[in-house]
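Enquirer: Fold the following, please.
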Amino acid sequence: MFETGGFGVAVTVSLADPGLPAELDPAPAGVTRRRTRLSEVVASARLSDAGLAGELRAVVDIGAQLAAYEAVVVAELARRRPVEWDLTEQEPGHGVEGWRPVRVPAGVSEFPADELALLKGMSRTAATLLAERSLVWVHELPATWAALADSLIDPPRATAIAKALGGQSQAAGGRVEPAIVAEVEAQALGWAVAGETPVRLQERTAAALIALDDAAADRRRKKAEQCADVTTRATADGMGQLVADLPMPVAAACRETVDSYARMAKAEGDGRPIGQLRTQVMADLILRPWDTSREPVTAHLTGPGAAAGAAHPPVRRSDPAG
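Expert: Now for the predicted structure:
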């Protein structure tokens, strides 16, 4: 958004190699070489209220364009890493059914997610989600990708559509006719452009698909169960979160059980906050520190050299959790 006679942010393309000398002379004392910051080019203090509003809209537009471009780049990287590159069952170190990551896009090696995680400085889980989303936009939902690239919708709404329709088309290994997916996608884009919230957009899109394909809900549930896992993530001050993907009734029952035991401890005089008691109860139920009847964990680690007679001592962990 440009005000008359001024500047505004926008996306442009420039030479990747501007031809600068490979080595620059050392910077003079007190001088730091760095990229020019956008805020140094566009002085927001000089913009009118309308100009500020325009810049905020421009930032949203740019975010959509860059997300669409990133999806194309990620999809191309995935294309260059076919599943044929993975080790076969006859080769040491190959993936084993039930242990390899479930959330690997069809036809793609299991390792591009590791590359993305390294390149973007994110977790492997986040990188896998990025790869999935990118491939869905580019190959399964081209109209959604185009709307994103044209800044008609933003990344959260495009992601909501991808979550609802990704992997459903027969062309992507699903069971829904491509024409039905395209019909629902068109409906979803209309809702997205009209400003439907991402959460509600995903719900409406999933419902629209189920209305045309009764079995879609069951397939989505089974896929979600197959992708379930238990993960941890650091929070702050030495704390972390243990996250388990469970069917909602099971999750609710687990939480209710933990809460009931915590309230029992509170009633017996434990002065700690109820939330802290819940976390301690859950940890105790999993680790079972009172149970000394079980043997410590013994894990035998066997590497590729084992076939040649290399011996690896077992790794023992004295942990009553077992």
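Enquirer: where do the helices sit along this structure?
Expert: 38-41, 49-79, 112-120, 124-135, 142-149, 155-165, 178-193, 198-212, 216-226, 248-267, 274-287 (DSSP state H).
Enquirer: Can I get the fifth one in CSV? Just the C-alpha atoms.
Expert: Included here for helix 142-149 are C-alpha records, laid out as CSV according to Å, rounded to 0.1, in the frame of the first residue of the first chain:
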residue,chain,number,x,y,z
PRO,A,142,-4.5,-26.1,-6.6
ALA,A,143,-7.4,-23.6,-6.3
THR,A,144,-6.6,-23.1,-2.6
TRP,A,145,-2.9,-22.6,-3.4
ALA,A,146,-3.9,-20.0,-6.2
ALA,A,147,-6.1,-18.1,-3.8
LEU,A,148,-3.2,-18.0,-1.3
ALA,A,149,-0.7,-16.9,-3.9
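Enquirer: list the buried ones in it?
Expert: Under the neighbour-count criterion of 16 or more other Cβ atoms under 10 Å, helix 142-149 has 144-145, 147-149 buried. Glycine gets a C-beta too; all of them are placed from N, C-alpha and C.
Enquirer: before we move on, what about the shortest one?
Expert: Going by neighbour count (16+ other Cβ under 10 Å), nothing in helix 38-41 comes out as buried.
Enquirer: So, low pLDDT: which residues of the stretch 51-200 of the chain?
Expert: 84-106 (pLDDT under 70).
Enquirer: quick one, what contacts the residue nearest to P156 when sequence neighbours are not counted?
Expert: Nearest-residue entry for P156: P198, 4.2 Å, with adjacent residues in sequence omitted and distances by Cβ to Cβ, 6 or more residues apart in numbering. If you count contacts by Cβ atoms under 8 Å, 6 or more residues apart in numbering, P198 has them with 156-157, 159-160.
Enquirer: can you redo the residues you listed as JSON lines with neighbour count and distance to A43?
Expert: Listed next are those as JSON lines, based on neighbours: other Cβ atoms under 10 Å; distance: Cβ to Cβ, whole Å:
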{"residue": "P156", "neighbour count": "16", "distance to A43": "30"}
{"residue": "R157", "neighbour count": "25", "distance to A43": "32"}
{"residue": "T159", "neighbour count": "22", "distance to A43": "34"}
{"residue": "A160", "neighbour count": "26", "distance to A43": "36"}
